[in-house]
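[1] Here is the input, now give the coordinates:
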Amino acid sequence: MHMLTEYFSIFLLVIVGLIMGVAPMLLSRKLGPSRPNPEKLSPYECGFNAFEDARMPFNVRYYLVAILFIIFDLETAFLFPWAVSLRRIHWFGFVSMMLFLAILVVGFIYEWKRGALEWE
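    Numbers count the residues shown, from 1 in each chain. Below is the predicted model of the structure:
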């Protein structure tokens, strides 16, 4: 019985999370307007019929560009809070950020060598 009381808060959190996730979907399904027609139910709404299979492989350059975006996005996301708190974290914070930037530069050089910056 004691073990059940320890896990009750986790169980309650899961239940509340499920309710918060499922309730808006059910409410929008019941209360929202629904006017289906053949055009809305078609798999492509871009104005022309599909000309290839949806499961065709993508060029690896798309993934390299995504990795490049993540590199710069992470750098920007971590540089601002680091700059704000630099006076409090002193040399340890400075050295750890330089190490982080060095790792990002290695990723950038990898992208550069793979040719992700040249789009043909």
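
[2] Let me know the pLDDT of the residue nearest to the spatial centre of the chain.
    Residue closest to the average C-alpha location in the chain (Cα atoms, centre = their mean): residue 70, at 9.4 Å. Model confidence at residue 70, given as pLDDT, is 82.

[3] Downstream of the helix or strand containing it, the next helix or strand is which one?
    Per DSSP states H and E, residue 70 falls inside helix 60-84. Next helix or strand after helix 60-84 toward the C-terminus (DSSP H and E): helix 86-114.

[4] tell me the angle that next one makes with helix 60-84.
    If you take axes from the mean of the first three to the mean of the last three Cα atoms, to 10 degrees, helix 86-114 sits at 160 degrees to helix 60-84.

[5] List the buried residues for helix 86-114?
    Neighbour counts using 16 or more other Cβ atoms under 10 Å place 97, 104, 107, 108, 111 of helix 86-114 among the buried residues. Any C-beta I mention is one placed from the backbone N, CA and C, and that applies to glycine too.

[6] Which elements pack onto that helix?
    If contacts are counted by 3 or more Cβ pairs under 8 Å, 6 or more residues apart in numbering; DSSP states H and E, helix 86-114 sits against helix 60-84.

[7] buried stuff in the helix it packs on?
    Judged by neighbour count (16+ other Cβ under 10 Å), helix 60-84 contains these buried residues: 64, 68, 71, 82.

[8] distance between the helix holding residue 70 and the chain's centre?
    Helix 60-84 has its C-alpha centroid displaced from the chain centroid by 12 Å (Cα atoms, centre = their mean, to the nearest Å).
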